[in-house]
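A.B. asks: The following block contains a protein sequence and its predicted model.
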Amino acid sequence: LSGMFASPKEITDTLQILSIPLAPKQVIPVVLSLDDYDSTLHLAPLSKQSVVEFSIENISNELLSKYDTGLLTHVEGGHYCLLLSFDGVHSTSKINETLRSVFQQISYNLKTYLNLSTSFGVGALCESICTVGKSYSAAMLSLSMKFYEGNQSIFHSKDFLEKAVPLTGLDYQLEKQLLSLSSASDYDRIETLLTELFASLKEQRLDIRSAQMIFTDLIGVLTRVAKEKDLSLSVIFNELSSPSELLTKYTTLEQISIWFFHSFQALCLALHSLLPADTEYVRKAIAYINRNYAASISQQDVADEIGISCGYLSTIFKDETSQGFSDYLNSV
């Protein structure tokens, strides 16, 4: 993988000396990636990591012994390199069938015996084992799509096209909307906007850095509203000790989107409890004012919006907030 061998003969001689069952021609490099490694094994004691590493290699190489040539070895962290040689095999369907069989057996056994979920990045077929390094790197890059497709997936480098997209954060207008809706504790509309945002991210498949910038901006919205309303951040961020943990604890778009839905909902519920009103009508009126205070709105507009008479709204609003409608609107 590192390119330290100068010729196929040098590699062949080394394979023979080490009794490694691998032919030096028609080699496919595969990256076996442990799902959620950073939030589980990465923080485990080194002794446990070593045991897991040994077990993965032992189980996988035992399974590979059923085939003519194959080898799995640990590379770094949660990544392992699987090399399979198809020297003399000219059928693409036969190669694909073997790959599927190997992946299924390894995945099943690692899940059964070690409770580990795995994904695979498959490189291009290399005529000579000397070129597997480049193909392996391409397979690694294809694994970045696991962020969008989720765990327990298989990716092929030939299907992955790295796009050069300028780094961008959250759209400014969307950010303003989320700030306004959060202050008004209008979770229903926030949920709609977030659903559209995450669907767009999955469709565009932005590079991970751009996606991270958007998540950072979303965290900024939560933090800003919470601080303005004097709310504890622990109410919003739940089990995370700090927002920076988000991208290490959660590794897929689905996991991160669920976290944001829960966090915005928690923010809205906390703000809702702070509204100076008892009845749902007055709460809705205050929420409408908080959303639309910059426009030319009247008490009649608000009454029409929530479905009651203007006179009734005037009465219950003053009773519950100890403030007239116009006075409250001007204070906002």
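C.D. replies: Here it is on my side, so go on. Numbering: from 1, shown residues only.

A.B. asks: gap between stretch 92-103 and the chain center?
C.D. replies: Computed by CA atoms, centre = their mean, to the nearest Å, the separation of stretch 92-103 from the middle of its chain amounts to 29 Å.

A.B. asks: scratch that, stretch 9-16 is what I was asking about
C.D. replies: The chain centroid and the centroid of stretch 9-16 are separated by 41 Å under CA atoms, centre = their mean.

A.B. asks: Then stretch 250-263?
C.D. replies: Mean-position distance between stretch 250-263 and its chain equals 7 Å (CA atoms, centre = their mean).

A.B. asks: Stretch 316-330 now?
C.D. replies: Distance of stretch 316-330 from the chain centroid (CA atoms, centre = their mean) equals 44 Å.

A.B. asks: Which positions within it qualify as buried?
C.D. replies: Under the neighbour-count criterion of 16 or more other CB atoms under 10 Å, stretch 316-330 has 316, 317, 320, 321, 325, 328, 329 buried. For the C-beta atoms, the positions are set from N, CA and C on the backbone; glycine is no exception.

A.B. asks: Over to stretch 293-307?
C.D. replies: Neighbour-count burial for stretch 293-307, with 16+ other CB under 10 Å as criterion, is recorded at 293, 299, 302, 303.

A.B. asks: again with stretch 261-271
C.D. replies: Taking 16+ other CB under 10 Å as the neighbour-count basis, stretch 261-271 is seen to contain the buried residues 261, 263, 264, 266, 267, 268, 270, 271.

A.B. asks: hang on, the earlier thing: CSV for the buried residues of stretch 293-307, including pLDDT?
C.D. replies: Converted to CSV, the buried residues of stretch 293-307 look like this (pLDDT from 0 to 100):
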residue, pLDDT
293, 83
299, 92
302, 91
303, 92
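
A.B. asks: Take those residues and keep only those in strands.
C.D. replies: With strands taken from DSSP state E, there is no overlap with these.

A.B. asks: ok, which pair from these is furthest apart?
C.D. replies: Greatest spatial distance in the buried residues of stretch 293-307: 293 and 303, 16.3 Å, computed using CB to CB.

A.B. asks: coming back round to it: and of the buried residues of stretch 293-307, the nearest to residue 22?
C.D. replies: For the buried residues of stretch 293-307, the nearest to residue 22 is residue 293 (70.2 Å; CB to CB).

A.B. asks: Quick check: closest non-adjacent residue to the closest one.
C.D. replies: Sequence neighbours aside, residue 332 is the residue nearest to residue 293 in space, at 4.8 Å (criterion: CB to CB, 6 or more residues apart in numbering).

A.B. asks: List the residues that contact the one you found.
C.D. replies: Shown here is residue 332, whose contacts under the criterion CB atoms under 8 Å, 6 or more residues apart in numbering are 289, 290, 293.

A.B. asks: can you check residue 268 too?
C.D. replies: Residue 268 sits next to 182, 185, 186, 187, 190 when contact means CB under 8 Å, 6+ apart.

A.B. asks: tell me the least confident of these?
C.D. replies: Taking pLDDT as the measure, those have their low point at residue 185 (82).

A.B. asks: On the three-state scheme, that one is what?
C.D. replies: Three-state secondary structure (criterion: DSSP: H, G, I helix; E, B strand; the rest coil) places residue 185 in coil.

A.B. asks: Correct me if wrong: it contacts residue 264.
C.D. replies: No. When contacts are counted by CB atoms under 8 Å, residue 185 is not listed as touching residue 264 (9.9 Å).

A.B. asks: returning to what we had before: can you add distance to residue 87 and give the buried residues of stretch 293-307 back as JSON lines?
C.D. replies: Putting the buried residues of stretch 293-307 into JSON lines (distance: CB to CB, whole Å) gives the following:
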{"residue": "293", "distance to residue 87": "73"}
{"residue": "299", "distance to residue 87": "83"}
{"residue": "302", "distance to residue 87": "77"}
{"residue": "303", "distance to residue 87": "80"}
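
A.B. asks: mind listing which of those are in helices?
C.D. replies: Among the buried residues of stretch 293-307, the residues falling in helices (DSSP state H) are 299, 302, 303.

A.B. asks: which among those residues gets closest to residue 50?
C.D. replies: Where these are concerned, and distances follow CB to CB, residue 50 has its nearest neighbour in residue 302, at 65.4 Å.

A.B. asks: Buried ones in stretch 52-59, by neighbour count?
C.D. replies: For stretch 52-59, the neighbour count (16+ other CB under 10 Å) marks 52, 56, 59 as buried.

A.B. asks: what does that stretch rub up against?
C.D. replies: For stretch 52-59, the external contacting residues (CB under 8 Å, 6+ apart) are 32, 41, 44, 72-74, 80, 106, 109-110, 113-114, 116.

A.B. asks: distance of residue 229 from residue 77?
C.D. replies: From residue 229 over to residue 77 the distance is 41 Å, taken as CB to CB, to the nearest Å.
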